[in-house]
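J.: Give me coordinates for this.
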Amino acid sequence: MPVSRKRKKKSQPGRKLSGPTASKASLAGAFDELFVHRRRLNEHRTALAGDAAGAIVDALIAAAPGWSDDDLEDDLCTRYGAAMIQYEGGAMEDMVNPEDLVGALLAAIDERLHAAAEAGADVAVPRRLLTIVAGVLPFPLSESARDLVAEHVGAREAKLVARGRALTGPVLWARDAYGVRWAVVAPFASAGGPDRWYLWDVDTCGYEVATVYSGFHPSAESALAAWRESVGQAAAGAAALTPLDDKEMLGDLLRGEFESARIGGESQDQYAEFLRSRRLGGTVKDAVRGLHGQASERLTADEAGARFARRLRELGYHDGPVGDGSGGSPAGADELAVEMAESWSPQHHPTLYPFCSPHKVAQIVLHLRGYYQNDFAVEIIAVLPEWIRLLAEHNGMAAELTERCLAYASGDLQFPGILDDRGQPNPMARVTE
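T.: From the prediction side, this is the model:
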């Protein structure tokens, strides 16, 4: 179905200026300058990452004799988060990517291993640290450590590192009353102590599915309690942990390598678990690969758009052709429905798409106002309450929860906690519904 693109806010392409065509020599010179600039930029960022990584490695080596492997791993994650947050919001040339710091950590450990060997010193501590760092790296970053581990440790130890922490029990999950916030909990073996339970707190209200908190807890019950407190009593309701029964849904929630790049707006605590969260998530998904059954409700954007168009026609919206947004002509049912369905998120995850919450409604209002020209934004926000009712009917959402969602449909109420300190939506915000 054709969609009116003139209604949307688009950056205008620059005007083409007439003038002489650039010569091959001048183009070659420009490319040379760009190459030199990128090389210097990479060297600068590598140096920044190297300084941070060296300090982390030296601190961990100093602490290692009195700590367990779990202690070292936890402290590694904490220090990684503290190092990464210093690059957040800084100058572009000083931005160090997660993989840059990982590479610098591995290089620093390799350097200390060779230095110790050349000096005839004990290499047990830096070798132990290497296995711990490699053990938290998710795919594809784990590939960068494989050769280094093979060089410095034995074959048996290398296999254990490649395998990672062992999953010791069933994967459990819970969702809030709205269906937009999920807790995934799984037990993992620890170093000489009781199993530890890892929690992923996953929020599906934004444009991208985001793990807004993750970390170890001493028990499944304490993990669930922490999640319930964050979600809020109204949303958590009677949510309880149950055995995971839908591997497709789990794949939509724990996206692994698709989260390898920063989204923007991450906190220090989120950076601290940036690596480990993805590594353990991969272990969980591998463990349930043979699981059968799809218990979750599904709805695609196309199906939702078609239903909404029919609903709008029943309410008296005309069924004319899609316009171009000019001349002040109001949008028809088809155009409003298509644009609403395409704007609702997460569009490409039918297991997560049909759910609604106050947070999600507040997010969509911000998007509609920011993405569309003012006249069309007013029109589409005006039909947002009916869209909410359509989804509520589809999901069987309680009337009380539906009313809470409708309260944010006009945009008059500001949902707390979803904006950063610059007044922009933060996709990594951990909010209370």
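
J.: Under a three-state scheme, what state does residue 80 occupy?
T.: What DSSP: H, G, I helix; E, B strand; the rest coil gives for residue 80 is helix.

J.: residues in contact with it?
T.: By C-beta atoms under 8 Å, 6 or more residues apart in numbering, the contact list for residue 80 reads 56, 101, 105, 271, 272, 274, 275. No exception for glycine: its C-beta is placed from N, CA and C like everyone else's.

J.: Please convert the residues you listed to a markdown table, extending it with neighbour count, pLDDT and distance to residue 135.
T.: Listed next are the contacts of residue 80 as a markdown table, based on neighbours: other C-beta atoms under 10 Å; pLDDT from 0 to 100; distance: C-beta to C-beta, whole Å:
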| residue | neighbour count | pLDDT | distance to residue 135 |
| --- | --- | --- | --- |
| 56 | 24 | 97 | 16 |
| 101 | 24 | 94 | 17 |
| 105 | 29 | 96 | 13 |
| 271 | 23 | 95 | 18 |
| 272 | 24 | 97 | 16 |
| 274 | 23 | 94 | 15 |
| 275 | 25 | 95 | 10 |
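
J.: Which of those residues sits closest to residue 213?
T.: Comparing these against residue 213 with C-beta to C-beta picks out residue 272 as the nearest, at 10.6 Å.

J.: Can you give me the separation between the closest one and residue 51?
T.: Computed as C-beta to C-beta, to the nearest Å, the residue 272 to residue 51 distance reads 19 Å.

J.: Residue 150 too?
T.: Taking C-beta to C-beta, one finds residue 150 at 28 Å from residue 51.

J.: give me phi/psi at the closest residue to residue 274 other than its chain neighbours?
T.: Nearest non-adjacent residue to residue 274, counting by C-beta to C-beta, 6 or more residues apart in numbering: residue 98, 5.8 Å away. Reported as degrees, to the nearest 10, the phi and psi values for residue 98 are phi -50, psi -40.

J.: Counting neighbours, what do you get for residue 229?
T.: 11 (other C-beta atoms under 10 Å).

J.: so which strand or helix has it?
T.: Assessed by DSSP states H and E, residue 229 sits inside helix 220-231.

J.: So which elements touch that helix?
T.: Here helix 220-231 touches strand 172-175, strand 181-188, strand 196-203, strand 210-217, going by 3 or more C-beta pairs under 8 Å, 6 or more residues apart in numbering; DSSP states H and E.

J.: Between those, which one is closest to residue 347.
T.: strand 210-217 (15.0 Å).

J.: which neighbours does the closest one have in its sheet, and in what orientation?
T.: strand 196-203 (antiparallel) (DSSP bridges).

J.: how about the partner strand: buried residues?
T.: 196, 197, 198, 199, 200, 201, 202, 203 (16 or more other C-beta atoms under 10 Å).

J.: what does stretch 237-254 give?
T.: 237, 239, 241, 244-247, 249-254.

J.: what about it, distance to the chain center?
T.: Computed by C-alpha atoms, centre = their mean, to the nearest Å, the separation of stretch 237-254 from the middle of its chain amounts to 17 Å.

J.: average pLDDT across the helix or strand residue 385 falls within?
T.: Per DSSP H and E: residue 385 is located in helix 384-395. Mean pLDDT, helix 384-395: 97.

J.: Ok, stretch 159-170 next?
T.: pLDDT averaged over stretch 159-170 gives 92.

J.: can you pull the buried residues of it?
T.: 161, 164, 165, 167.

J.: Just put the contacts of residue 80 in TSV and tack on distance to residue 207.
T.: Below are those laid out as TSV (distance: C-beta to C-beta, whole Å):
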residue	distance to residue 207
56	33
101	26
105	31
271	20
272	24
274	19
275	23
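
J.: Now do the domain split for the chain, please.
T.: For the chain, the structural domains run 25-163, 172-287, 301-406, going by automatic domain parsing.

J.: Please list all residues in contact with the residue nearest the centre of the chain.
T.: Centroid check for the chain by C-alpha atoms, centre = their mean gives residue 210 as the closest residue, at 3.3 Å. For residue 210, the contact set (C-beta under 8 Å, 6+ apart) comprises 202, 203, 263, 427, 428.

J.: ok, back up a step: which one of the buried residues of stretch 237-254 is nearest residue 118?
T.: So of these, ranked by how close each gets to residue 118 (C-beta to C-beta), first place is residue 254, at 42.7 Å.

J.: which non-adjacent residue is nearest the closest one?
T.: residue 281 (3.9 Å).

J.: so the one you found is in which element?
T.: helix 274-287.

J.: Give me the contact list for the following helix or strand past that helix.
T.: Tracing the chain past helix 274-287, the next element assigned as helix or strand by DSSP H and E is helix 301-314. Outside helix 301-314, the residues within contact range by C-beta under 8 Å, 6+ apart are 319, 333-334, 336-338, 340-342, 344, 347, 350, 353-354, 383, 386-387, 390-391, 394.

J.: Give me the distance from helix 301-314 to the chain's centre.
T.: Relative to where its chain is centred, helix 301-314 has its mean C-alpha point 30 Å off (C-alpha atoms, centre = their mean).

J.: in the sheet, who's paired with the nearest residue to residue 184 once chain neighbours are set aside?
T.: Nearest residue to residue 184 in three dimensions, chain neighbours excluded: residue 200, at 4.3 Å (C-beta to C-beta, 6+ apart). Per DSSP bridges, residues listed as beta-bridge partners of residue 200: residue 184, residue 214.
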